[in-house]
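how would this look folded up:
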Amino acid sequence: MAGTKGKQKTVRDMLLSLALIGLTAGVIYLFIPHDDHAPDLKRVDYRVELLTARRAASYPLAAPEGLPDTWKATSVRFQGDPFQTWHLGFQDPTGQYVAIEQSTQRASAFIDEASQGARETKATQTIDGRTWQRYTGGRYDALVLKDEGSTTVVAGTASFAQLTKMAEALKTE
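Just a heads-up that it's a prediction; the model follows:
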C-alpha cells in the first residue's frame, strides 16, 4: 500500500494542472478581442492605370462611369503577356464583390477562370443594346459579353441585379 499514495498524488496533481491550464485559456480567450466581420477594404484610384492600359490594349477597355460612391474600387491590374487581361474589382453597396474582367485569351478558358467555374445558362439579357449571357454556379455568378477580339466578364458574389448595374455603367472610352 505504500506505492498507492504516491500514484494518487500524481493523478491529483495532473488534474489540478489541467484545470489551471483550462482556466488560464478561458481568461485569455475572454480578454483577447475577436472581430468576426470582414476587414474594411481600402479604396483604390484606378484612373491612372485605366488610362495607361487603354493606350496599351488592343481592344477597348471597359470601366464604369456614373456609379455612386457606395461602390468602392478595391483592385486594378492590366497584364500584357501572355494575353492582354484587364481586371477591375469593386465592393458593391451591400459588401459583395463585383469584378470586371476583360481578355484576349480564348473565351472558354477565360470565362471559366474569371467566373470561378460558373456554367452558361440559357438566360440572356440585353444591356445597352448588347446581349450578355448569364453564367451561374461555382463561386461567382457572371454576365459575359463576347466581342470581336476580346471577352468581357462581369462576375462576383453580388446578385444579378448588382452585376447588371455594373454592366450598365461600363463605358469603353
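
residue contacts, the spatially most central residue of the chain?
Geometric centre of the chain, nearest residue: residue 97, 5.0 Å, by C-alpha atoms, centre = their mean. Going by C-beta atoms under 8 Å, 6 or more residues apart in numbering, residue 97 touches 89, 90, 91, 156, 157, 158. (Glycine included, C-beta is placed from N, CA and C.)

Next step: the residues you listed restricted to strands.
Among the contacts of residue 97, the members falling in strands (DSSP state E) are 89, 90, 91, 156.

picking up where we left off before, could you give me the ChimeraX selection string for whichever of the contacts of residue 97 are buried?
Those of the contacts of residue 97 that count as buried under 16 or more other C-beta atoms under 10 Å are selected in ChimeraX with:
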select :89,90,91,156,157,158
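
thinking again about what came up before, how far away is the residue nearest to the centre of the chain from residue 75?
10 Å (C-beta to C-beta, to the nearest Å).

Quick check: neighbours shared by these two?
Both residue 97 and residue 75 are contacted by residue 89, under the criterion C-beta under 8 Å, 6+ apart.

Distance from whichever strand or helix holds residue 112 to the middle of the chain?
Assessed by DSSP states H and E, residue 112 sits inside helix 107-114. From the chain centre to the centre of helix 107-114 is a distance of 16 Å (C-alpha atoms, centre = their mean, to the nearest Å).

in it, what's buried?
For helix 107-114, by 16+ other C-beta under 10 Å, it's 110, 111, 114.

Please name every helix or strand in contact with the helix or strand just after that helix.
Following helix 107-114 in sequence order, the next helix or strand is strand 119-127 (DSSP H and E). Here strand 119-127 touches strand 130-136, strand 141-147, helix 160-169, going by 3 or more C-beta pairs under 8 Å, 6 or more residues apart in numbering; DSSP states H and E.

if we compare those, which one ends up closest to residue 21?
strand 141-147 (47.6 Å; C-beta to C-beta).

And for that closest one, what's in contact with it?
So strand 141-147 is contacted by 59, 107, 111, 114-115, 118, 120, 125, 127, 130-136, 151-160, 163-164, 167 (C-beta under 8 Å, 6+ apart).

Residue 124: how many residues sit nearby?
Each residue near residue 124 was counted by other C-beta atoms under 10 Å, and the total is 13.

Go ahead and confirm it touches residue 132.
Yes: in this structure, residue 124 is within contact of residue 132 by C-beta atoms under 8 Å, at 6.5 Å.

Which phi and psi values does the nearest residue in space to residue 49 that is not next to it in sequence adopt?
Leaving aside its sequence neighbours, residue 49 sits nearest to residue 76 (C-beta to C-beta, 6 or more residues apart in numbering; 4.8 Å). Dihedral angles of residue 76 (phi, psi; degrees, to the nearest 10) stand at phi -150, psi 140.
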